[in-house]
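Undergrad: Need coordinates for the below:
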Amino acid sequence: MTIYPRSIQSLFEKNLRPNKVLMLIGPRRVGKTSFIRNYLKAFNPEEILNLNGEDVLDAALIQERSVANYSRLLEGKKLLVIDEAQHIPNIGMILKLIVDTIEDIRVIASGSSAFDLHQQAGEPLVGRMNTLNLFPLGQLEFAKVEDFKTTLENREERLIFGGYPELSQYSEWKDKESYLYQLMNDYLLKDILKVDGVKNSQKLYSLLRLIAFQIGREVSLEELGRQLGMSKNTVERYLDMLSKVFVVYRIGGFNKNLRKEIVKNNRWYFYDNGVRNALIQNFNKLELRADVGELW
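TA: Purely as a prediction, here's the structure:
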């Protein structure tokens, strides 16, 4: 698989400071773990403690919130790395005690849900945390490893399949489609349904599809609610959740009169074209599509 230099590299290095937590957040499968591993190559492995929040044994190592435990665990270490940190209960309080008591320790914590990670880590780490987002690959990152001719050759596939890094290992069109369907069903939608308060998965899926067909157009929450048989408030809450698990994002209305701008409808976009096209089950080539403008 091609390793692409990520555009956040310099910001990442700048924000990784002693006695601070650097939070790296983004959708699943965008390369957070690979990015961190590549960065860690510059360090002495003996000075790093790597933990995975999904590993119960790793998580248990830091559950005892005491200075003695963390001093023993991090003796001789300069860097603590916790992948999928949102799975560790009370992670905010744990990291607060570590950065407050272990001299010169640097901490990297990664997660796939802004909702989970900020909810658990937010308040205890006020003033002790910097946050960076990592998204699917963009053209600025592709341009670092290819010339303009190659970019033009890959343009159609990127408009259709998006920029998830693992797509580079698939050469066949159908394999790329299968990867994105699996990504959507096994990772993105499951992350959404884990969020407390989402009770109707079919309504959520239908909402996403409606947004997918309205890319670039103003979206009325009242109209979406009528189509789905939900209240405006429920639609708004679901869209907020979808943005916190990095599926869609909002662009607010613009008006020179700021009072009018507040009440203008928003436009919603997907972080990745491939996810959007998987939702509407359309991976046709550009010559057969009526939504080329939306894809751009």
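
Undergrad: shaky segments in the stretch 151-296 of the chain?
TA: Scanning the stretch 151-296 of the chain for pLDDT under 70 picks out the ranges 188-191, 193-200, 254-264.

Undergrad: Okay, helices next: where are they in it?
TA: 173-183, 189-194, 201-212, 221-228, 232-244, 258-263, 273-279, 292-295 (DSSP state H, counting those that start in this stretch).

Undergrad: what packs against the last one?
TA: Using 3 or more C-beta pairs under 8 Å, 6 or more residues apart in numbering; DSSP states H and E as the contact criterion, the neighbours of helix 292-295 among helices and strands are helix 148-161. C-beta here means a position set from N, CA and C on the backbone, and glycine is covered the same way.

Undergrad: which residues sit against the helix it packs on?
TA: For helix 148-161, contacts defined as C-beta atoms under 8 Å, 6 or more residues apart in numbering pick out 139, 142-143, 146, 167, 176-177, 180, 273-274, 277, 283-286, 292, 295-296.

Undergrad: ok, of those residues, which come out buried?
TA: Buried members of the contacts of helix 148-161, scored by 16 or more other C-beta atoms under 10 Å, are 142, 167, 176, 177, 180, 273, 274, 277, 283, 295.

Undergrad: how about the helices of the stretch 151-296 of the chain, which one is nearest residue 85?
TA: Evaluated with C-beta to C-beta, these place helix 189-194 nearest to residue 85, the distance being 14.6 Å.

Undergrad: Quote the end-to-end distance of stretch 75-82.
TA: End-to-end span of stretch 75-82 (C-alpha to C-alpha, to the nearest Å): 17 Å.

Undergrad: Of all residues in this structure, which one is nearest the centre?
TA: By C-alpha atoms, centre = their mean, the chain has its centre lying nearest to residue 26, at 1.9 Å.

Undergrad: On the pLDDT front, check the residue lying closest to that residue once chain neighbours are set aside for me.
TA: Closest residue to residue 26 apart from its sequence neighbours, by C-beta to C-beta, 6 or more residues apart in numbering: residue 134 at 3.8 Å. Note on residue 134: pLDDT of 94.

Undergrad: Touching, residue 134 and residue 30? I think so.
TA: Yes: the criterion here is C-beta atoms under 8 Å, and residue 134 meets it with residue 30 at 5.4 Å.

Undergrad: So between these two, which is more surrounded?
TA: Comparing residue 134 with residue 30 by other C-beta atoms under 10 Å, the one with more neighbours is residue 30, at 23 against 20.
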